[in-house]
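1. Need a 3D model of the following:
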Amino acid sequence: MIYHQREEHDAIVIGSGVTGGWAAKELCEGGLKTLVLERGRNVEHGTDYTTEHKQSWEMTYRGRAISRQEAQRDWPTLGRRGGPSEATAHFYLKDRGNPYIEEKPFTWVRGDQVGGRSLTWGRQSYRLSDLDFEANAHDGHGVDWPIRYKDLAPWYSYVEQFAGISGQAEGLPQLPDGEFLPHMQMNAAEKVFKKGVEQAFPDRRVTIGRTAVLTVPHNGRAACHYCGPCSRGCSTGSYFSSQSTTLPAARATGNLSIRPHSLVHSIIYDEETGKATGVRFVDTQTMEMHETYARIIFLCGSALGSTQVLLNSISNRFPNGFSNSSGALGKYLMDHHFLIGASGEMPDLEDRYYQGRRPNGIYIIRFRNLGDKASEHPDFVRGYGFQGGANRPSWERGIGGASFGAELKSSLRDPGPWRMRIGAWCETLPSEDNYVTLSNETDAYGLPLLKIRCSWGENEMAMRKDVPVTSMEMLEAAGARDIQPYNYLNEDETGAEPGRCIHEMGTARMGRDPKTSVLNGFNQCHEALNVFVTDGACMTSSACQNPSLTYMALTARAANHAMEEMKKGNL
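-> Next up, the predicted model:
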């Protein structure tokens, strides 16, 4: 039953995370009365970061993973990775009551609050290059992107300048430099690693991570003071989140309305005008169905969340999902494959330590398949980059040890030896075999369950054979000892299964041809130009870089285009 109270807005934004916050900011600052619909609870910046500085001994499980029983009960899929931390569990949507169907193992990690996963993301922020935007056209995997780096470059700069990205310029075409705040420093072992790698492999560059964490005061937000518990929320606003950055800017205009506990069911389509007119949503507290209307709609509910809404938006015009005449909706699901690399002990640095808990690590820029013979690998296309860092383990290394009492205390009084760990974030090819559909089963709110089928292909597995080789040779070149490779992908396809990286992409891809794609070059649905999809669903390929900065730039660009088209009377 629909609760009949006609609400009208200039714009509706579905989701309040990284892209939803940006859409709200841009549209509100453009003068549009904007409603943001968020399925989760409200979270007030600072006030509701209830565990931010809570000490480990104040929590039942010392701030580590929740109990196995809780994980299996509330997060049966997320529980494969131990479940969320006891200190952050309140930021994650429970699988119980919000199920989905895995045809093959896929870990779908979802936020459950205003701000979405912008409160818990890793904050690594990298631009894509033309190497990435031209990859599909070059090697024939997937359709061609409808944009190139030059189209997005000014918008990368725009969002970087507002959000605040710290990093170091390196002048490499495969990873374009950005508008950086002063970069963070490497520690002693990382500097030794960088020197050894770059001397042995001139084609490989080790840099400090580029991260959405402030190193100096910026736009009224304080610089990071390296306290450490970033994933619990940052009351100083030193890291970028919707709550600290974009939503306050939107709210300051007086044009923003946010409605939490509002699960979007479907888009309302007008057959006569060929446009969307609004959305239906369920109030998750009262279970009532509502309708609300607007001239433009931005889907920013995360890749799979937005695609679930599109697939469920059935009409005479779109019997197989909204703007899905191409049949591409739901297909070409991607995630980065990772949890593979190596670690080694870095000797002769026992007199060196570090201060604070730096929310960042090192980054090794992609060096495979850059378009020249020297970097070409015979067994796979595309490439990977490394993230990692060095540290000296503290008293935690004694957990589970055999000693106790005075002997244990004495052995843990001084920090352990330096250990360098690097892991690869690897590109996944767009494949029609990786897709989502709607099930005949429904959830507690009456929405069809999302059915997910996704697995790694031959190219991904060939890449995973190369990663341990390059990992170990770089550690060896840096003088490491006790080098140990790791690969968490198990024979049952879990451990490093798709979804685990939380970089799900694709399923409503951009493209030049409406016959093979869902969106155009401005993130508009080909068949309903007043509907924009700017989260990970829009991605045509995955590259190997963390994607959130690209989502932000695409969203700002799309919002600008939407407002220009509205002024022209085209929307």
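2. which residues does G506 contact?
-> Contact analysis of G506 by Cβ atoms under 8 Å, 6 or more residues apart in numbering lists 303, 331-334, 430, 434, 536-537, 539-540, 542. For glycine as for every other residue, the C-beta is placed from the backbone atoms N, C-alpha and C.
3. can I get the residues you listed in TSV with neighbour count, pLDDT and secondary structure?
-> Converted to TSV, the contacts of G506 look like this (neighbours: other Cβ atoms under 10 Å; pLDDT from 0 to 100; DSSP: H, G, I helix; E, B strand; the rest coil):
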residue	neighbour count	pLDDT	secondary structure
A303	27	98	helix
K331	22	98	strand
Y332	29	98	coil
L333	29	98	coil
M334	28	98	strand
P430	21	98	coil
N434	25	98	coil
G536	31	98	helix
A537	34	98	helix
M539	27	98	coil
T540	25	98	coil
S542	30	98	coil
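4. would CSV of the residues you listed with distance to T284 be doable?
-> Formatted as CSV, these follow (distance: Cβ to Cβ, whole Å):
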residue, distance to T284
A303, 21
K331, 29
Y332, 30
L333, 26
M334, 29
P430, 33
N434, 30
G536, 23
A537, 22
M539, 28
T540, 33
S542, 32
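5. how about W57, secondary structure?
-> helix (DSSP: H, G, I helix; E, B strand; the rest coil).
6. and it, how far is that from E491?
-> To E491, W57 is 39 Å away according to Cβ to Cβ, to the nearest Å.
7. next one: G171
-> Separation of G171 from E491 (Cβ to Cβ): 43 Å.
8. quick revisit: which one among the contacts of G506 gets closest to E272?
-> E272 lies nearest to A537 out of these, by Cβ to Cβ, at 27.3 Å.
9. wouldn't the closest one be in contact with C300 here?
-> No: in this structure, A537 is not within contact of C300 by Cβ atoms under 8 Å, at 9.5 Å.
10. Can you check which residues contact both of these two?
-> What both A537 and C300 touch, as defined by Cβ under 8 Å, 6+ apart, is the set S306.
11. sec struct for the residue most central in space within the chain, please.
-> Closest to where the C-alpha atoms of the chain average out (Cα atoms, centre = their mean) is H503, at 4.6 Å. Per three-state DSSP, the secondary structure class of H503 is coil.
12. Pull up the per-residue confidence for the closest residue to it other than its chain neighbours.
-> Spatial nearest neighbour of H503, excluding adjacent residues (Cβ to Cβ, 6 or more residues apart in numbering): H336 at 4.7 Å. For H336, the pLDDT comes out at 98.
13. what's the answer for G274, then?
-> At G274, the model reports a pLDDT of 94.
14. Assign P99 to helix, strand or coil.
-> coil.
15. So what's the residue count around it?
-> 18 (other Cβ atoms under 10 Å).
16. Distance-wise, check it relative to S325.
-> P99 is 30 Å from S325, by Cβ to Cβ.
17. From A562, how far out is V531?
-> 10 Å.
18. Overlap in contacts, those two.
-> Common contacts of V531 and A562 (Cβ under 8 Å, 6+ apart): I296.
19. what packs against the least confident helix or strand in the chain by mean pLDDT?
-> Of all helical and strand segments in the chain, the minimum by mean pLDDT, DSSP states H and E falls on helix 405-411, at a mean of 77. Taking 3 or more Cβ pairs under 8 Å, 6 or more residues apart in numbering; DSSP states H and E as contact, there are no helices or strands that helix 405-411 lies on.
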